[in-house]
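1. this is a predicted model, with the sequence first.
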Amino acid sequence: MAVPSGDQKPESYYVGVDVGTGSVRAALVDQRGTLVAFAEQPINQWEPQFNHHEQSSEDIWAACCVVTKKVVQGIDLNQIRGLGFDATCSLVVLDKQFRPLPVNHEGNSHQNIIMWLDHRAVSQVHRINETKHSILQYVGGVMSVEMQAPKLLWLKENLRETCWDKAGHFFDLPDFLSWKATGVTARSLCSLVCKWTYLAEEGWDDSFWKMVGLEDLIADNYSKIGNQVLPPGASLGNGLTPEAAKDLGLPAGIAVAASLIDAHAGGLGVIGADVRGYGLACEEQPVTSRLAVICGTSSCHMGISKDPIFVPGIWGPYFSAMVPGFWLNEGGQSVTGKLIDHMVQGHAAFPELQAKATARCQSVYAYLNSHLDLIKKAQPVGFLTVDLHVWPDFHGNRSPLADLTLKGMVTGLKLSQDLDDLAILYLATIQAIAFGTRLIIEAMEAAGHSISTLFLCGGLSKNPLFVKMHADITGGNGKDEQSWESCVSQT
Ligand SMILES: Nc1ncnc2c1ncn2[C@@H]1O[C@H](COP(=O)(O)OP(=O)(O)O)[C@@H](O)[C@H]1O
Ligand SMILES: O=C(CO)[C@H](O)[C@H](O)COP(=O)(O)O
């Protein structure tokens, strides 16, 4: 239930809905930006085959409705002024009447989303990259299998009759949500520039779509993938439709903003954070010296610049896709939270860990952190892994190697599989992820970025060990220790 903050009763409220990989979150904030209420609801994922990851747009919309209704309980609905969405950059497929279409061989139309981490389109992205089309310079030189063009080509080549020929609309998930709320099919510049090869100043490039075999999308002025493009935050149509208002428990007609991808919403929030008054060295430094690291299922590393910077293996440069008027480079690690969960949950000592954490009313991660403190004795915790090392690319390398074929690796395994081994493997996994962040920073700096502060947000930023390892491992990057900080903020 919402409780107004401060002495003065707020006059206006805003609802923000954040659709991550594992759950949907809603926040109610007042006109001062103070968080008034928060709710979370898990969402379903299906993996019908290895590397095929699917979701349901109906399921996600239903979860958006649940969390939105929760956060506005107890407040005067007439004080709600606006609503905005962010979501993962997953591909939503609808037919010409806006009904879900199956993205699988089973024909299950409930599963109409190819998720961002889906790697089914390996052959397609390989062929796209072989074209060496000039547009590829705006995605770090190599298109990722996680972007939309290879997934569209996969649908055309594999589900021609059941999906491709019937499709009327292909949306990025954030744009699907704003359409669902307003009936407006306009796309956000954020989605189209970052995942669909749209250029902020030039628009679509017909020659790219023709060269990769998706020339049919050019028809009707790109009506299936978007021909009205708005900057994130722009007001859409006549606002919330009566039907969506009923679903969400909000008043019809309130303003709805053009959306952002989830990492970009997190990036905008922390890169623009007001840090005055905390005595941090970054207070006096430009926003271009900040790197936002949005760490949830994956980690995304967002750095901005006044002029375009081309960094091999790092997505972008993308103009105005996150901060208006600035270019964005986006590094990333496809699995970070998911990798930590995979390592911990797959270990033989996991049931023992679960039982012990439950007995102490702690999360498994809080328990592991205190266990590491116990076994490190007098040495710094990081030294526990001198003999155990993890290579974290279990789902390929997004940046800076941009190689989806890479796999994970653990060296230094012994025959024992007790709780100490699990804790040390967990630590080595976090360290490997932090070294990945360091490699990304080094690549960005070599190309012209000058980064002095990391701003972390997302689920993993709640883990103090994850934050400490990022500070230790990136701070030793030949930098003046005084000028290097790690600021933590939670979205
Ligand atoms: N308190 C916590 N301590 C450690 N890890 C956490 C905590 N809360 C969430 N996580 C981890 O963060 C990840 C999910 O982050 P989240 O931002 O919710 O992801 P997404 O946006 O992808 O759904 C999971 O791997 C989870 O284990
Ligand atoms: O590619 C993305 C951003 O560009 C994805 O949306 C992101 O990696 C998935 O986000 P999360 O890990 O927060 O669920």
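-> Alright, I've got the coordinates. Ligands and ions are numbered 1, 2, ... in the order given.

2. residue contacts, the residue of the stretch 51-200 of the chain found nearest ligand 2?
-> Using C-beta to the nearest ligand atom, the point where the stretch 51-200 of the chain gets nearest to ligand 2 is T88, with a distance of 3.7 Å. To be clear about C-beta, it is placed using only N, CA and C from the backbone, and glycine gets the same treatment. Residues counted as contacts of T88 (C-beta atoms under 8 Å, 6 or more residues apart in numbering) are V19, G20, T21, M115, W116, L173, I261, D262.

3. okay, these in TSV with neighbour count, secondary structure and pLDDT next?
-> Putting the contacts of T88 into TSV (neighbours: other C-beta atoms under 10 Å; DSSP: H, G, I helix; E, B strand; the rest coil; pLDDT from 0 to 100) gives the following:
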residue	neighbour count	secondary structure	pLDDT
V19	27	strand	98
G20	23	coil	97
T21	21	coil	97
M115	22	coil	98
W116	27	coil	98
L173	25	helix	98
I261	29	strand	98
D262	28	helix	98
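
4. and the two most separated of these?
-> Using C-beta to C-beta, the pair of these lying farthest apart is M115 and I261, separated by 13.2 Å.

5. ok, how many other residues are close to V390?
-> A total of 24 residues lie near V390 under the criterion other C-beta atoms under 10 Å.

6. on that earlier part again, what subset of the contacts of T88 is also close to ligand 2?
-> Under the cut-off given by C-beta under 6 Å from any ligand atom, ligand 2 has G20, T21, W116, I261, D262 from those close to it.

7. out of the residues you listed, which touch ligand 1?
-> For ligand 1, the contacts drawn from these by C-beta under 6 Å from any ligand atom are G20, T21.

8. among the ones next to ligand 2 among the contacts of T88, which one sits closest to ligand 2?
-> Ranked by distance to ligand 2 (C-beta to the nearest ligand atom), those are led by T21 at 3.4 Å.

9. and the nearest residue to the closest one once chain neighbours are set aside, how many neighbours?
-> In this structure, T21 finds its nearest non-sequential neighbour in T297, 4.0 Å apart by C-beta to C-beta, 6 or more residues apart in numbering. When neighbours are defined as other C-beta under 10 Å, T297 has 23 of them.

10. can you pull the contacts of T297?
-> With C-beta under 8 Å, 6+ apart as the criterion, the residues that contact T297 are G20, T21, G22, L117, V335, T336, G337, K338.

11. spatially nearest residue to the fifth one (excluding sequence neighbours)?
-> In this structure, V335 finds its nearest non-sequential neighbour in H395, 4.5 Å apart by C-beta to C-beta, 6+ apart.

12. per-residue confidence at that neighbour?
-> pLDDT recorded at H395 is 98.

13. that one and G331: what is the separation?
-> Relative to G331, H395 is positioned 15 Å away (criterion: C-beta to C-beta, to the nearest Å).

14. ok, the two, which is more surrounded?
-> Neighbour comparison, H395 and G331: the larger count goes to G331, with 27 against 22 (by other C-beta under 10 Å).

15. tell me the bridge partners for the more buried one.
-> According to DSSP bridges, the partner residues bridging G331 are H301.

16. surely it and W315 touch.
-> Yes. Under the criterion of C-beta atoms under 8 Å, G331 lies in contact with W315, with a separation of 7.3 Å.

17. all set now, cheers.
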